[in-house]
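Asks: predicted structure and sequence below. I'll ask about it afterward.
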Amino acid sequence: MSIFDVAVWNNGVVRMLDQRLLPQEESYLEFASASEVAEAIRDMVVRGAPAIGCAAAFGVAVEAFRLARDGIPVSWSLAMAPGMERLRLARPTAVNLVWALERMRPLLEGEPALVPERLLAEAEQIRQEDIASCRVMGRLGAAILPRPQGRPLAIMTHCNAGALATAGYGTALGVIRAAVELYKDVVVFATETRPYLQGARLTAWELLRDGIDVTLMTDSMAGHAMSRGLIDVVVVGADRVAANGDAANKIGTYVHAVLARRHAIPFMVACPLSTIDRNAVSGAQIPIEERAPEEVTHCLGHRSAALGVKVFNPAFDVTPAELVSALITEQGVVHAPNTEKIRGLFGC
Ligand code: MRU
């Protein structure tokens, strides 16, 4: 499997693959403060919910090492507050960001001299756990995929929920990788994912590198592909899942879920527990990021829309739980998710 440094610690700085340049260029950037990491998250150097969480955790660690160079602060909580706030505000929808910050926060207490090293150890732990969770989700998800007889299993995915969007292996693409390892005869349909083109630029690149059979199509071709029997199952990731199973993911996911239901095709969401926001009762409470109009008026840097047109550019939409056939997590698969079943995943 391809290995990328999506967000890792490297000799006192945070190293990240610059995803904005893919697939043309594979180049790495280094970040030395929480502000720089927050900027990298906002600018999409790193993206994808679990990857954003990992980056934020390393952002906290690098900030502590930076501050410690001027002496150990009297109060780590006070000293770290501005940097952590900048990280928190970097992007609003993926709950993994806040989840990671809240997991790091208790480590600001305790023996002050040890705080930077303890934060770094926790960030590395978050990274390792994410890879392990993806592996488990892959195995569990692959086990519930349909198995067509006499032809390859065709999986459609939207956006990029792969190794590039996590610490490694991927959530939806983890399920696909595990299916390829198990069943071999698997083909993938990746949607382009307008307007930011995560499917065309990232998913296609990532799967091709692994030698996985991938076919690219524009988002609006999904209905036609389903109606012609080309798709057996849809598997996507999520940026935030509400307590009732409503799932926010990349804009366009909801359309695919409606289409899948129309064609009686299973629609599965793979995400770690860190993506489930138990404070959001339903999807209506999930904040949806609105991004720059240029993402819609321009295509790869070239204007494609009439000058002066108004733009609507939400980066995510919410798929109601009733359209989700299965929620695949590292704690198990929940079929037809609802509040009670999701509570069960957390043991309370
Ligand atoms: O705007 P992005 O590229 O950060 O959006 C990413 C997605 O919507 C992914 O599908 C989601 O984060 C799942 S990543 C495993």
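Replies: Done, it's in. Numbering: from 1, shown residues only.

Asks: my read: Asp317 touches Thr253, true?
Replies: Yes - under the criterion of Cβ atoms under 8 Å, Asp317 makes contact with Thr253 at 6.0 Å. Bear in mind the C-beta positions are built from the backbone N, C-alpha and C, glycine included.

Asks: which of those two has more neighbours?
Replies: Legend: neighbour count by other Cβ atoms under 10 Å for Asp317 and Thr253, higher for Thr253 (28 against 18).

Asks: what residues are up against that one?
Replies: 158-159, 236, 247, 316-317, 319 (Cβ atoms under 8 Å, 6 or more residues apart in numbering).

Asks: taking those residues one by one, which sit in strands?
Replies: 236, 247, 316-317, 319 (DSSP state E).

Asks: who wins for most neighbours among the residues you listed?
Replies: In terms of neighbour count, Ala247 stands highest of the ones in strands among the contacts of Thr253 at 31 neighbours, by other Cβ under 10 Å.

Asks: Val234 pairs with what?
Replies: Met156, Phe267 (DSSP bridges).

Asks: count the residues that sit near it.
Replies: Other residues lying near Val234 total 26 when counted by other Cβ under 10 Å.

Asks: does it touch Ala264 like I think?
Replies: No - with contacts counted by Cβ under 8 Å, Val234 stays clear of Ala264, the gap being 11.8 Å.

Asks: any residues in contact with both of those two?
Replies: By Cβ under 8 Å, 6+ apart, no residue touches both Val234 and Ala264.

Asks: hey, which helix is longest across the chain?
Replies: Longest helix of the chain, by residue count under DSSP state H: helix 115-143.

Asks: circling back to that earlier point, with distance to Leu230 added, can I get the ones in strands among the contacts of Thr253 in CSV?
Replies: Shown next, in CSV, are the ones in strands among the contacts of Thr253 (distance: Cβ to Cβ, whole Å):
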residue, distance to Leu230
Val236, 17
Ala247, 24
Phe316, 26
Asp317, 23
Thr319, 21
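
Asks: now for this protein, the helix or strand with the poorest mean pLDDT.
Replies: The helix or strand of the chain with the poorest confidence is strand 298-299; it has a mean of 92 (mean pLDDT, DSSP states H and E).

Asks: re the thing from before, return only those of the contacts of Thr253 found close to the ligand.
Replies: The subset of these within reach of the ligand, by Cβ under 6 Å from any ligand atom, is Cys159.

Asks: for the ligand, state which of the contacts of Thr253 is nearest.
Replies: Using Cβ to the nearest ligand atom, Cys159 comes nearest to the ligand of the contacts of Thr253, at 3.9 Å.

Asks: what residues are up against the closest one?
Replies: So Cys159 contacts 165, 191, 193, 198-199, 203, 236-237, 249-250, 252-253 (Cβ under 8 Å, 6+ apart).

Asks: what do you get for Ile231?
Replies: Ile231 is in contact with 154-156, 189, 222, 225, 260, 263, 265, counting by Cβ under 8 Å, 6+ apart.

Asks: got CSV for these, with pLDDT and distance to Trp9 too?
Replies: Shown next, in CSV, are the contacts of Ile231 (pLDDT from 0 to 100; distance: Cβ to Cβ, whole Å):
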residue, pLDDT, distance to Trp9
Ala154, 98, 39
Ile155, 98, 33
Met156, 99, 35
Phe189, 98, 36
Ala222, 98, 39
Ala225, 98, 42
Ala260, 98, 40
His263, 98, 45
Ile265, 98, 41
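
Asks: biggest separation within these, which pair?
Replies: Distance extremes for these: the farthest pair is Ile155 and His263 at 14.4 Å, using Cβ to Cβ.

Asks: which one of the two is surrounded by more residues?
Replies: Counted by other Cβ under 10 Å, Ile155 and His263 do not tie: Ile155 has more neighbours, with 26 against 16.

Asks: thought that one was touching Ala190?
Replies: No - in this structure, Ile155 is not within contact of Ala190 by Cβ under 8 Å, at 9.5 Å.

Asks: just the residues contacting stretch 27-37, thanks.
Replies: Applying Cβ under 8 Å, 6+ apart, the external contacts of stretch 27-37 come out as 5, 10, 12-18, 21, 40, 45, 55-56, 58-60, 62-63, 66, 80, 82-84, 86-87.
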